[in-house]
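**Student:** turn this into a structure:
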Amino acid sequence: MIDILFLGTAAAEGWPGVFCQCDYCSRARKFSGKDIRTRSSIMIGDKYKIDFPPDTYMHVLKYGLDLGQLEHLLITHSHSDHFYPADIGMRLAPFAHLKQDRQLHIYGDTYVREGLEKEEALDREGKVVFHLMESFVPVQIGEMRVVPLKANHFPRRNCFNYLLEAQDKTIFYGLDTGWFLDETWDVLSRTRLRLAILDCTLGPNSGFEYHMGIDAVIGTKEKLVEMGTANEDTIFVATHFSHNGGLTHSQLEEAFSGAGILVAYDGMQLSI
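**Tutor:** Numbering: from 1, shown residues only. A predicted model of the protein is given here:
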């Protein structure tokens, strides 16, 4: 069994936005609940995490996380809502005193490495170790086989979506991407997914570049099923929502209800 915890489910500005006074942010502040969204990240068990947003400390407090047990941190890309290296430096002495001599392995592109080096988050003793990832080159990470797929998001830098394979199950983590590149579709055509987590930043707004919305998420599911990559047993989840999409959690659920796609919320748990 693989346990997944959605720590945050928002786009870069969070929901409500830090300074925003729009109707949807005002409603979220008033009614709270599932309409409060922090920046996106997930935990897979207690040893694997994808992305390290600036809300990570809040996630630690809210969900009772022990990140001292974290062994593998995969970074999708270096935008600040997915990668906040200053707090990674807090793992080093004298800021942290760990009971076990466990390494933290961080995976990403060269810009992730530069961010870690700038914040002096990599230590000479090897407590925090960086691994350079390359698009479409598989890597064995602990008990998982991981394939970084090239995302359609920020052409000047590498942005990864991840295929994660463990216990005969495959998870696709596809945030911060528009309609997939041909090379990514090609890799996906040769796998079978148990879980697909997809970007829905645009909400009801049309668009297939850099991010996706409801129409693109549904279209992605339909193509994956048509390709044989997904079937009736595949779980589809939409996440990474922006208040600029202008739909509350319940409205998003209604929009996806006929498509059989779950709407993620902060604190949502899945076991596959």
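
**Student:** residue contacts, the nearest residue to residue 213 once chain neighbours are set aside?
**Tutor:** Nearest residue to residue 213, sequence neighbours excluded (CB to CB, 6 or more residues apart in numbering): residue 202, at 3.1 Å. (Glycine included, C-beta is placed from N, CA and C.) Applying CB atoms under 8 Å, 6 or more residues apart in numbering to residue 202 gives the contacts 211, 212, 213, 214, 216, 242, 244, 245.

**Student:** repeat that for 10 Å
**Tutor:** Residues counted as contacts of residue 202 (CB atoms under 10 Å, 6 or more residues apart in numbering) are 11, 178, 208-217, 240-242, 244-245.

**Student:** for it, helix, strand, or coil?
**Tutor:** Three-state assignment for residue 202 (DSSP: H, G, I helix; E, B strand; the rest coil): coil.

**Student:** skipping adjacent residues, who's closest to residue 100 in space?
**Tutor:** residue 68 (7.5 Å).

**Student:** residues near that neighbour, how many?
**Tutor:** Look at residue 68: counted by other CB atoms under 10 Å, it has 14 neighbours.

**Student:** quick one: low-confidence ranges for this protein?
**Tutor:** Filtered on pLDDT under 70, the chain yields no residues whatsoever.

**Student:** so which bits of the longest helix seen in it are buried?
**Tutor:** Looking across the chain with DSSP state H, the single longest helix is helix 214-227. Buried residues in helix 214-227, defined by neighbour count with 16 or more other CB atoms under 10 Å: 214, 215, 216, 217, 218, 220, 221, 223, 224.

**Student:** and which of those residues is nearest residue 194?
**Tutor:** Proximity of the buried residues of helix 214-227 to residue 194 (CB to CB) peaks at residue 224, which lies at 12.0 Å.

**Student:** the nearest residue to that closest one once chain neighbours are set aside in helix, strand or coil?
**Tutor:** Excluding the flanking residues, the one nearest residue 224 by CB to CB, 6+ apart is residue 230, at 4.1 Å. What three-state DSSP gives for residue 230 is coil.

**Student:** OK, contacts around residue 230?
**Tutor:** 172, 188, 191-196, 220-224, 236.

**Student:** what are the phi and psi angles of the residue nearest to residue 100?
**Tutor:** With angles defined as degrees, to the nearest 10, residue 68 sits at phi -60, psi -20.

**Student:** isn't it up against residue 96?
**Tutor:** Yes: between residue 68 and residue 96 there is a contact under CB atoms under 10 Å: 7.2 Å.

**Student:** any chance you could map the helices in the stretch 51-200 of the chain?
**Tutor:** Assigned by DSSP state H, counting those that start in this stretch, the stretch 51-200 of the chain shows helices spanning 56-63, 85-88, 110-118, 182-188.

**Student:** pick the most deeply packed of those.
**Tutor:** helix 85-88 (a mean of 19; mean count of other CB atoms under 10 Å).

**Student:** render the CA-only coordinates of it in CSV, please.
**Tutor:** Provided in CSV are the C-alpha atoms of helix 85-88 (Å, rounded to 0.1, in the frame of the first residue of the first chain):
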residue,chain,number,x,y,z
PRO,A,85,15.7,26.4,-0.5
ALA,A,86,16.2,28.8,2.5
ASP,A,87,14.1,26.5,4.7
ILE,A,88,16.0,23.4,3.4
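
**Student:** next secondary structure element downstream of the host helix or strand of residue 26?
**Tutor:** Counting by DSSP states H and E, the element that carries residue 26 is helix 23-31. For helix 23-31, the following helix or strand on the C-terminal side (DSSP H and E) is strand 41-44.

**Student:** if anything else comes up later, I'll come back, but that's it for now.
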